[in-house]
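S.K.: Build me a model:
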Amino acid sequence: MKYEIKAITTADVKELQKVSRETFKTTFDPYTAPDDMKRFLEEDYQTEKLIREIENPNSRFYFLMVKGKIAGYLKINVGDAQTEQLRDNALEVERIYLRTNFQHRGLGNVLFDFAEKTAREEGKDYMWLGVYEKNIPAQYFYKRHGFEKVSQHTFQVGSDPQTDWLLVKKLSKN
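M.R.: Prediction:
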């Protein structure tokens, strides 16, 4: 399948907002009360908040494009943009989402491999991420990619404090 990974700029904020809300809702609707979901989507994916995140030099967003359509997106963080300081010299995969009709085609691996390649090119020692404790398919995906659970933290969705497992992968030096 032909694809392109495209860096996201502030000019793309409306598309990013749309795909962020869509993919988060699809992924977490089964576990989240409607009021909490509505509040989270409105607050966490506000235009101004997304612009600030895009403009942060320690955060980067990318669209995965397939035949000119946005299949999904990736957000990676380094330095002080990381949501936790879990390890020194690390890259955080904060968001990695695919739209439903692009899932189960190997595209999650494409985004993930891109994130790992970026981490290696930047000389990072670790990659890490948070995954919802009830998101079993994602946990299997990350385990296949060599991640191990090291901790957990609370991820607030509206008024619902959810538990995310914090997973780390040590990057070998080639």
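S.K.: who touches Val66 in this structure?
M.R.: Met1, Lys2, Tyr3, Phe102, Leu107 (Cβ atoms under 8 Å, 6 or more residues apart in numbering). Heads up, the C-betas are built off the backbone N, CA and C, glycines and all.
S.K.: Distance of it relative to Thr9?
M.R.: 20 Å (Cβ to Cβ, to the nearest Å).
S.K.: Distance from the one helix or strand Tyr73 maps to to the middle of the chain?
M.R.: In this structure, Tyr73 sits in strand 69-77 according to DSSP states H and E. Computed by Cα atoms, centre = their mean, to the nearest Å, the chain-centroid distance of strand 69-77 equals 8 Å.
S.K.: Show me what it is in contact with.
M.R.: 3, 5, 8, 15-16, 19-20, 23, 53, 58-65, 83, 91-99, 102, 107-108, 111, 114-115, 118-119.
S.K.: What strands line up against the next helix or strand after that strand, and which way round?
M.R.: Going down the chain from strand 69-77, the next helix or strand is strand 90-98, by DSSP H and E. Strand 90-98 pairs in its sheet with strand 69-77 (antiparallel), strand 126-132 (parallel), by DSSP bridges.
S.K.: Show residues contacting strand 90-98.
M.R.: 19-20, 23-24, 27, 59, 64, 71-78, 81-84, 86, 107-108, 111-112, 115, 118-119, 122, 124-130, 168.
S.K.: that older thread, and Ala33, which of the strands paired with strand 90-98 is closest to it?
M.R.: strand 126-132 (14.7 Å; Cβ to Cβ).
S.K.: Mean confidence (pLDDT) on that closest one, please.
M.R.: In this model, strand 126-132 carries a mean pLDDT of 97.
S.K.: quick one on the thing from earlier: from the contacts of strand 69-77, which would you call buried?
M.R.: Burial by neighbour count, judged by 16 or more other Cβ atoms under 10 Å, picks out 3, 8, 16, 19-20, 23, 53, 59-64, 91-99, 102, 107-108, 111, 114-115, 118-119 from the contacts of strand 69-77.
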